[in-house]
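Novice: just coords:
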């Protein structure tokens with residue numbers, strides 16, 4: 001085990017021999033680290049925090065800290081982090097609250113850029129990107145392969161659908177459609193499918209064409225939402241079904 005002499009590891013913390021703990025890091029007594037994690041320097045891990053393997057924590061990030069919620073009274077809540085995440089400088093991730101689901105979750109293979117924030121009870125999937133200063137309020141859900149641009153605040157209880165891309169500086173107050181390119185120019189608007197991102201993830205031209213047709217029905221056709229969803233469901237295919245189901249279960253409404 002490589003532990004710098006200035007690091008402070010509380011009794012009870014579980015740190016495997018394969019981990020590297022740099023200078024001035026602090027690890028709380030209820031933290032459980034997986035294999036081959038790296039804490040570069042000045043990293044704070046605290047609370048009931050369970051972390052998977054091969055995660056890298058850059059300087060001054062604060063992970064598993066108490067939620068920024070005035071109703072929180074020190075209840076034993078949790079944070080769960082998967083494998084292979086890169087957590088850059090000054091990122092903050094709060095653990096859950098007793099009046100929420102009690103646990104904040106971050107999946108695997110994510111990139112959290114400098115100053116990103118994940119609030120209490122958020123559920124972030126895998127292979128997501130939170131760019132610099134992306135800010136998730138409490139109870140936000142980010143589905144797999146989604147990207148949240150720089151300086152984007154996401155309102156409480158919003159959901160960002162899978163493979164969505166949110167442009168920098170967009171204030172998100174409603175759910176973001178899966179597969180969509182959503183951004184704020186004069187107003188928040190979905191501009192169709194996230195074509196470049198989907199191509200990079202291996203979507204075939206035929207699959208992109210079907211998604212493009214589904215988005216035209218939802219965003220551009222002279223149909224109300226119910227009529228558009230009926231036609232999208234009639235198209236068949238998994239992607240159309242995912243899009244339709246997302247709109248139907250939305251509680252805050254979707255950005256169109």
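Specialist: Looks like it arrived, so ask away. Bear in mind the structure is a predicted one, so any value in this text is a computation, not a measurement.

Novice: Going by C-alpha atoms from here, please, whenever you check contacts or count neighbours.
Specialist: OK.

Novice: Just confirm residue 233 is within a strand.
Specialist: No. Counting by DSSP: H, G, I helix; E, B strand; the rest coil, residue 233 is not found in a strand; it is helix.

Novice: Which of the residues in the helix or strand bottoming out on mean pLDDT in the chain are classified as buried?
Specialist: One helix or strand of the chain scores below all others by mean pLDDT, DSSP states H and E: strand 188-193, with a mean of 84. Neighbour-count burial for strand 188-193, counted by 16 or more other CA atoms under 10 Å, picks out 188-190, 192-193.

Novice: In CSV, list the residues you listed along with distance to residue 95.
Specialist: CSV is the format used below for those (distance: CA to CA, whole Å):
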residue, distance to residue 95
188, 30
189, 32
190, 31
192, 34
193, 33
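
Novice: Farthest-apart pair in the residues you listed, please.
Specialist: Farthest pair in the buried residues of strand 188-193 (CA to CA) is 188 and 193. Separation: 14.9 Å.

Novice: got the contact list for stretch 158-178?
Specialist: Contact with stretch 158-178 is made by 139-156, 179-184, 188, 190, 194, 197-198, 242-243, 246-247, 250, 252-255, as judged by CA atoms under 8 Å, 6 or more residues apart in numbering.

Novice: run the last query once more with 7 Å
Specialist: 140-155, 179-184, 188, 194, 243, 250, 252-255 (CA atoms under 7 Å, 6 or more residues apart in numbering).

Novice: now, which of the residues you listed lie within helices?
Specialist: Those of the contacts of stretch 158-178 mapping onto helices are residue 243, per DSSP state H.

Novice: Only whichever of the contacts of stretch 158-178 are buried, select them in ChimeraX.
Specialist: Selecting the buried subset of the contacts of stretch 158-178 in ChimeraX, with 16+ other CA under 10 Å as the burial test, is done by:
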select :140,141,142,143,144,145,146,147,148,149,150,151,152,153,154,155,179,180,181,182,183,184,188,194,243,253,254,255
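
Novice: Among the contacts of stretch 158-178, name the ones in strands.
Specialist: Among the contacts of stretch 158-178, the members falling in strands (DSSP state E) are 141-142, 147-148, 153-154, 180-184, 188.
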